[in-house]
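Undergrad: Give the three-dimensional model of this entry:
(chains A and B)
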Amino acid sequence: DVVMTQSPLSLPVTLGQPASVSCRSSQGLVRRDGNTYLSWFQQRPGQSPRRLIYKVSNRDSGVPDRFSGSGSGTDFTLRISRVEAEDVGIYYCMQNTYWPGSFGQGTKLEIK
Amino acid sequence: EVQLVESGGDLVQPGGSLRLSCAASGFSFREHFMDWVRQAPGKGLEWVARIRNKGNNYPTQYAASVEGRFTISRDDSENSVYLHMSSLKIEDTAVYYCAKDRDGAGDYWGQGTPVTVSS
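TA: Prediction:
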């Protein structure tokens, strides 16, 4: 199975400052169709997960443009340009290039 | 508006069975793959099962941890997806989410239904 490793696991950030989460996969995530099925999810306290980014860098509808995704091969990054209070929660990367789909351990973002 | 509403979660003894349901609305259900994902208390997310659409002959896939014990199915006429769970273990205790799949991952998730396996 593909192992997804996130860092850091804890991310204290000052309001208005940028933040980034790294995600590394144990093997390359380009599928035969040429797509890279790497997504990012946000889970606010007490809520269901919400997808923010799909196929590395595509923002889902309604997701603020301060969120962006990048990367290729085995290394991927979620960036928040200016952290707001509503961004508190746990962020997960997930690959679905290979079955079973696998999630990273999660990165807990908190406000300093 | 897309809505996914799970139900069926309960307290069950080890070795028991349970069927979860997920009622979908607000999108063309028959066109989409559907997933079940779970989250154990205080833990991260784990993909459990996937069922594809009719155009792909409804193939199913399972995580190794549930293979042979869980069965995912769908009824396109009822816009519903199901997860039949048998031989339940304590480690199956989790909130179970259903998700509508688009571009390789769930773009909409339900609110989840809790399953507790305990004697």
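
Undergrad: Can you classify residue A:86 by secondary structure?
TA: helix (DSSP: H, G, I helix; E, B strand; the rest coil).

Undergrad: which outside residues touch stretch B:65-82?
TA: Stretch B:65-82 has contacts (C-beta atoms under 8 Å, 6 or more residues apart in numbering or on different chains) with B:19-25, B:29-30, B:34, B:36, B:46, B:48-51, B:54, B:58, B:60, B:62, B:83-88, B:91-92, B:98. No exception for glycine: its C-beta is placed from N, CA and C like everyone else's.

Undergrad: Relative to chain A, which residue of chain B is the closest?
TA: residue B:104 (3.6 Å; C-beta to the nearest C-beta).

Undergrad: Look up phi and psi at that residue.
TA: phi 90, psi 0 (degrees, to the nearest 10).

Undergrad: Is it in contact with residue A:33, as I believe?
TA: No. Counting by C-beta atoms under 8 Å, residue B:104 sits too far from residue A:33 to count as a contact (10.2 Å).

Undergrad: how far away is the residue nearest to residue A:89 when sequence neighbours are not counted from chain B?
TA: In this structure, residue A:89 finds its nearest non-sequential neighbour in residue A:44, 4.1 Å apart by C-beta to C-beta, 6 or more residues apart in numbering or on different chains. Residue A:44 sits 12 Å away from chain B, going by C-beta to the nearest C-beta, to the nearest Å.

Undergrad: for residue A:44, what are its contacts?
TA: With contacts defined as C-beta under 8 Å, 6+ apart, residue A:44 is in contact with A:50, A:86, A:88-89.

Undergrad: Just the buried residues of these.
TA: When the contacts of residue A:44 are checked for burial by 16 or more other C-beta atoms under 10 Å in any protein chain shown, the buried set is A:50, A:89.

Undergrad: Pick out the most distant pair among the contacts of residue A:44.
TA: A:50 and A:88 (13.2 Å; C-beta to C-beta).

Undergrad: what's the burial count for residue B:77?
TA: Residue B:77 has 8 neighbours, counted by other C-beta atoms under 10 Å in any protein chain shown.

Undergrad: what's the answer for residue B:18, then?
TA: 20.

Undergrad: I'd guessed it sits against residue B:85; true?
TA: Yes. With contacts counted by C-beta under 8 Å, residue B:18 reaches residue B:85, the gap being 4.9 Å.
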